[in-house]
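J.: Next comes the sequence, and after it the predicted model I'd like to discuss.
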Amino acid sequence: MFDQPVVVVVKGGNSILDFLDGGLMKVSDNRVCFGAVNALQVLEDAPANVVITEMDAGEMTGFELAEAIRDIDEERNHFTYIILVGAINPERIQLDDFHQAVDAVTGTKRVDVIEHLALAGARISMQMDALRASNDSLQHLCNNLRKGQLLDPLTGLGNREYAEQALYDTIRQVESRGGAACVVMISVHNYDEVIETYDTSIAGELIVNISERIQRLVRPLDVVAYFSPGLFALVLIQPNIKQCTAECYKRIFDGVRLKSYTTSAGFQPVSIGMSICAATADTGAPTVGNMIKFATRELDESVRTESIMVHHLIPE
């Protein structure tokens, strides 16, 4: 048995709902409102499971009241079951209005019928609210899991959060011990084209092959992450910023873009961009966001020129 439902009865100027007076008390927490404005004030203070209104709700029609209640429901993430009572010409009922705002229309004045409608509506309202609460809880849990997840399931590499944390740690190390922090972005520029031509599974095979190739080209302590779809990030520390140049990373650039990659759909050509951002403690504590921004903004130019783009954050 579910909790006692909350039912709001809205009476208009010449109410046809007087026959309900006291009739719903035994099955609900029954609140009687006189006019749409009074009903909306009551519902703003506390939501109801069911609203029973007549077509003439005083200051507005029953349909208009229902639409106003839906706006309140949306703000509260709540569902109210709305019953419209009265002799209504079917031609006056707009189908869209009925589906979007009103849940049931009845012309009967039998209290027992209204009671059954109210109880059924209350069950639906409570079930909808329980499902909404469950969905919100699951969404919150999923968000927390995503925040705590540091591995990319496709490549087995670290993900964006992992790369950003590694870069933050590298910057702190450079500040305390010297050297240069360096982030290298490697883009697979034709990643979306592969998906459009084939599908995500073929694109996934290509990305896995490229990730394995990158890992064979970097030093053991360098961090390799799959930053976002079609984009890899390398986080490195160098003795000084002079070793963060295009010449120093040309071996990785050529090793990735000149390699042949095969998938179950056959050979897949790649279009690779590489951009570097490096900084030392002399720059005044570079931020993770700035370094990533400078490292990613010229990837298109790298692809166009088939060269490595380099940006050093140096004192002005």
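T.: Arrived safely, thanks for sending.

J.: contacts and neighbour counts: CA atoms only from here.
T.: Will do.

J.: who's in contact with the residue lying closest to A265 once chain neighbours are set aside?
T.: Using CA to CA, 6 or more residues apart in numbering and skipping residues adjacent in sequence, the residue nearest A265 is I202, 6.8 Å away. Neighbouring residues of I202 by CA atoms under 8 Å, 6 or more residues apart in numbering: 194-195, 263-265.

J.: M60 touches F34, doesn't it?
T.: No - counting by CA atoms under 8 Å, M60 stays clear of F34, with 11.9 Å between them.

J.: re the thing from before, got a quick ChimeraX command for the buried subset of the contacts of I202?
T.: Entered in ChimeraX, the line below selects the buried ones among the contacts of I202, by 16 or more other CA atoms under 10 Å:
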select :194
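
J.: Looking at the contacts of I202, point me to the pair that's furthest apart.
T.: Using CA to CA, the contacts of I202 reach their maximum pairwise distance at I195 and S264, which is 13.6 Å.

J.: helix or strand for V8, which one?
T.: According to DSSP states H and E, V8 maps onto strand 6-11.

J.: Which strands or helices does that strand pack on?
T.: The contact analysis (3 or more CA pairs under 8 Å, 6 or more residues apart in numbering; DSSP states H and E) places strand 6-11 against strand 29-34, helix 36-45, strand 50-54.

J.: Name the spans of the chain whose pLDDT lies under the cut-off.
T.: Filtered on pLDDT under 70, the chain yields the residue ranges 1-3, 13-16, 19, 21-28, 87-99, 148, 283, 315-316.

J.: show me where it has strands.
T.: Per DSSP state E, the chain carries strands over the ranges 6-11, 29-34, 50-54, 81-85, 104-106, 180-188, 223-228, 231-238, 261-263, 266-268, 272-280, 308-313.

J.: and of these, who's closest to D300?
T.: Closest among the strands of the chain, using CA to CA: strand 272-280, at 6.8 Å.

J.: List the neighbouring strands of that closest one plus their orientation.
T.: Using DSSP bridges, strand 272-280 pairs in its sheet with strand 180-188 (antiparallel), strand 308-313 (parallel).

J.: Can you give me every residue that contacts the spatially closest residue to D56 that is not a sequence neighbour?
T.: For D56, ignoring the flanking residues on the chain, the nearest one in space by CA to CA, 6+ apart is G12 at 5.5 Å. Residues in contact with G12 (CA under 8 Å, 6+ apart) are 34-36, 54, 56-58.

J.: how about 10 Å then?
T.: Residues near G12 by CA atoms under 10 Å, 6 or more residues apart in numbering: 33-36, 53-62.

J.: Filter the residues you listed down to the buried ones.
T.: Those of the contacts of G12 that meet the buried threshold are 33-36, 53-58, 61-62, by 16+ other CA under 10 Å.

J.: Next, the distance between the ends of stretch 54-73.
T.: Across stretch 54-73, the terminal residues are separated by 20 Å (CA to CA, to the nearest Å).

J.: Output stretch 231-243 as CSV, nothing but the C-alphas.
T.: Output of stretch 231-243 as CSV, limited to C-alpha atoms (Å, rounded to 0.1, in the frame of the first residue of the first chain):
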residue,chain,number,x,y,z
LEU,A,231,43.5,12.9,-29.8
PHE,A,232,46.5,11.6,-27.8
ALA,A,233,48.4,13.5,-25.2
LEU,A,234,52.0,13.0,-24.1
VAL,A,235,53.2,14.5,-20.8
LEU,A,236,57.0,14.7,-20.4
ILE,A,237,59.6,16.5,-18.3
GLN,A,238,62.9,17.6,-19.9
PRO,A,239,66.1,19.0,-18.3
ASN,A,240,65.5,22.3,-20.1
ILE,A,241,63.2,24.0,-22.5
LYS,A,242,65.8,23.8,-25.3
GLN,A,243,65.0,20.1,-25.6
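
J.: on that earlier part again, nearest to L138 among the strands paired with strand 272-280 would be which one?
T.: Nearest to L138 among the strands paired with strand 272-280 is strand 180-188; the distance by CA to CA comes to 33.4 Å.

J.: now the closest one against strand 223-228, angle please.
T.: If you take axes from the mean of the first three to the mean of the last three CA atoms, to 10 degrees, strand 180-188 sits at 50 degrees to strand 223-228.

J.: hang on, the earlier thing: of the strands paired with strand 272-280, flag the one that's most buried.
T.: Burial of the strands paired with strand 272-280 is given as mean neighbour count (mean count of other CA atoms under 10 Å); strand 180-188 ranks first at a mean of 26.
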